[in-house]
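> Give me the fold of what follows.
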Amino acid sequence: MRKAEKISFKSVLIMGMLTVSQTTFATSEGSTEDSMSDNPGPVSAGLGAASKCAWNSGWWKLHTNKKVCKVGIGADIPKAFLHISSDKGFETPQLHLESTNPGDYSRLRFSARGLGQMPHWDIAVGGGLGANHMNFFAAGTGNIMSLNPSGNVGIGTLSPKLRLDVAAGKTQDGGVRVTTSAADAGLQLKNTGSGGKNYFIYTTGLGSVNGAGNLAFGKVGKWADVVISSDGRVGIGGAPTVVNYNAGPPLKPKLDVQGDLRVAHVPVWDGPNAHDLTWGAGFANGVAFSPDKKIISREGSSRRYKRDIEAFDEDFSKILAVKPMRYKMRNGYGPPRAMNFGYIAEDLHDAGLRNLVIYDNEGRPDGIKYKKMVVYVNEVVKRQQKTIEQLNEDLTVLKELVAAGSSPIR
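Residues are numbered from 1 along each chain as shown. Okay, here's the model as predicted:
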C-alpha cells in the first residue's frame, strides 16, 4: 500500500454527518506500495454507521468514538468532529481559507439553530481592493468588530484609527463599560518611554482612598490628583471636602483646591463691595493677585512669614495730595450704570506714591494697593496727633503764664 502525502477535497460538509467527495491522493514518486483507489468515491459516515468510519490513510483518518464519527488530520485520536494537528512552525498553518474574489471576504461561518439564535456569525478577512482587515459579522446586525494590520481594533467601525476605536453612533448604550466590585474600577494609561508615567481613571467604591462614588484621576500608586464627586464637585489634590460649621448648613465647595491656585489672567471688574473677592470672613484678609507667579493667595502679616524687617520711611503726607473721585466703569469692567468712588491710579503715580500703585506689564498704572494706603494715612494721623499733643502742651504753658500774670511774649 502506497503512502499518501496529500489529500485534497472538493467539498467537505460536517454537520453531524461527514461527506467526502472526489478525493484525490498525491503519492510519493516511485512508491511501490499498494493503495486505495485513486478515486474511491464518496464516503459517508454518521451516527450508528460505525462500520463506515474505519478509514485510515496514514495521513488523515476517520475515527469512531461512541458511534460518533470524527475526522482527524494529523491527529491519531481526534477529539472533535474535525481535529487538525501539526508539529510544523507558524509558516505552515493548520487551516488555510482563501478567497480568489478580490472584492470578497475569506469567511469562517458559525451557525446555531436554537430558538432565538442569530442565523450565523462570520469571521472574515479581506473586504475588497485596498481593504485588509479581519471583521466579525453577525447576520441581522452587521459588522461588529474589525482589526487592521496596524493592530488597531474597531468596534462599530471598519476603519479604526486608534488601538481601540469605538463608534457608538446614536445608540444610547454606546461606549465602554468596566465593572467590578473592588474599591476602584477603571483604566490605566502607561507611557513606557523616557519620563513616562502610569496614570489611572477610576470610579471609586467602598474602601477606596479617594472616597466612594467618585471619579478619580491620578498616578498609579498615589492619591488622586483630581476627584469629581457624585454631586458634581471637583477636588484638586484630593477629594472635595465638606466642612461643617456650628451654625448653618455644611459648606460644599464646587471647587476645592488643596494647594496653590494659578490664574493666567484675572479680569478687572469693579463693583459694589458685595462683589469683591475675599478670603475668609470680612475684607481685612483680602485675596491678592500676584502678576509674577499668576497665583491667588492670601496675605500673611505674621513675623513667621517675613524677614529683613526694617523701618520704612517715606513722605507719607503725599497721600493728602490725591482726591477721591466718583466714576462709572467702562463697558466690560464693571456694572454699566453703577456709580462708584475711589482714587485714580494715575493720580497716585503723579503724586509720587508709586509704592501704592500696581503697574501692568507695560509699566502703566493699573491698580491701587488700597490696603497699603492705610499705612500712609495712619502715619499722617500719627504725625498730626503728635503736633496736636505738642500744641496742647504749649497751650497749657500759655494758660499757666496768663494765670500767673506773666506775659508769655518777651
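> so where does Glu389 fall, helix or strand?
Using DSSP states H and E, Glu389 maps to helix 370-403.
> mean confidence for that helix?
The average pLDDT within helix 370-403 is 92.
> Can you point out the buried residues in it?
Counting neighbours by 16 or more other CB atoms under 10 Å, one finds that the buried residues in helix 370-403 are 373, 375-376, 379-380. Heads up, the C-betas are built off the backbone N, CA and C, glycines and all.
> Domains of the chain: list them as residue ranges, please.
Following automatic domain parsing, one finds the domains of the chain at 4-84, 107-166, 184-258, 260-310, 311-410.
> And those domains, which one averages the lowest pLDDT?
Here the lowest mean pLDDT among those goes to domain 4-84, at a mean of 48.
> Any figure for the gap between Ala311 and Lys318?
18 Å (CB to CB, to the nearest Å).
> whoops, Arg326 was the one
22 Å.
> More neighbours: which of these two?
When Arg326 and Lys318 are compared for neighbours, Lys318 comes out ahead with 16 against 8, by other CB atoms under 10 Å.
> The more buried one contacts Ala351, doesn't it?
Yes. Using CB atoms under 8 Å, Lys318 is in contact with Ala351, at 5.2 Å.
> what pairs with Tyr359 across the strands?
Beta-bridge partners for Tyr359, by DSSP bridges, are Pro365.
> In this structure it contacts Pro365, no?
Yes. Taking contacts as CB under 8 Å, Tyr359 lies within contact range of Pro365: 6.2 Å.
> More neighbours: these two, which one.
Neighbour tally, Tyr359 and Pro365, criterion other CB under 10 Å: the higher count belongs to Pro365, 17 against 14.
> Could you report the distance from that one to Asp347?
Per CB to CB, Pro365 is found 9 Å from Asp347.
> Then Arg383?
From Arg383 over to Asp347 (counting by CB to CB), the distance is 22 Å.
> do the same with Val234
For Val234, the distance to Asp347 - CB to CB - is 42 Å.
> How about Lys79?
Taken as CB to CB, the span from Lys79 to Asp347 is 97 Å.
> Between those two, tell me which one has more neighbours.
More neighbours surround Asp347 than the other of Lys79 and Asp347, with 17 against 11 (other CB under 10 Å).
> Just confirm the more buried one is within a strand.
No. According to DSSP: H, G, I helix; E, B strand; the rest coil, the state of Asp347 is helix, so it is not within a strand.
> contacting residues around it?
322-323, 325 (CB atoms under 8 Å, 6 or more residues apart in numbering).
> hmm, try it at 7 Å
Going by CB atoms under 7 Å, 6 or more residues apart in numbering, Asp347 touches Val322.
> can you check Asn191 too?
Taking CB under 7 Å, 6+ apart, one finds Lys197 in contact with Asn191.
> My guess is Asn143 contacts Phe137. True?
Yes. Using CB atoms under 7 Å, Asn143 makes contact with Phe137 at a distance of 5.5 Å.
> any idea which helix or strand comes after the host helix or strand of Ile201?
Secondary structure from DSSP H and E places Ile201 in strand 198-204. The helix or strand immediately downstream of strand 198-204 is strand 215-219, counting by DSSP H and E.
> which SS class is the residue lying closest to Asp165 once chain neighbours are set aside?
Distance criterion CB to CB, 6 or more residues apart in numbering; nearest residue to Asp165, sequence neighbours excluded, is Gly154 at 4.6 Å. Assigned state for Gly154: strand (three-state reduction, three-state DSSP).
> Quick check: beta-bridge partners of Gly154?
Beta-bridge partners for Gly154, by DSSP bridges, are Ser146, Asp165.
> Return the distance of it relative to Leu162.
For Gly154, the distance to Leu162 - CB to CB - is 9 Å.
> now do Ile155
Ile155 is 11 Å from Leu162, where distance means CB to CB.
> quick one: which of those two has more around it?
Between Ile155 and Leu162, counted using other CB under 10 Å, Ile155 has the larger neighbour count: 18 against 10.
> Could you verify my assumption that the more buried one touches Met145?
Yes. Using CB under 7 Å, Ile155 makes contact with Met145 at a distance of 5.3 Å.
> How about the contacts made by Gln188?
By CB under 7 Å, 6+ apart, the neighbours of Gln188 are 198, 200, 220.
> Could you give me the PyMOL selection string for whichever of these are buried?
Listed next is the PyMOL selection for buried residues among the contacts of Gln188, using 16+ other CB under 10 Å:
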select buried, resi 200
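> Can you list phi and psi of the closest residue to Phe110 other than its chain neighbours for me?
Spatial nearest neighbour of Phe110, chain neighbours left out: Trp121 (4.6 Å); criterion: CB to CB, 6+ apart. Trp121 adopts backbone torsions of phi -120, psi 140, taken as degrees, to the nearest 10.
> Check the gap between Trp121 and Leu108 for me.
Using CB to CB, Trp121 is found at 9 Å from Leu108.
> Looking at those two, which has the bigger crowd around it?
Comparing Trp121 with Leu108 by other CB under 10 Å, the one with more neighbours is Trp121, at 17 against 12.
> Any idea what the more buried one is bridged to?
Phe110, Ala138.
> Name all residues that make contact with it.
Trp121 makes contacts with 110, 137-138, as judged by CB under 7 Å, 6+ apart.
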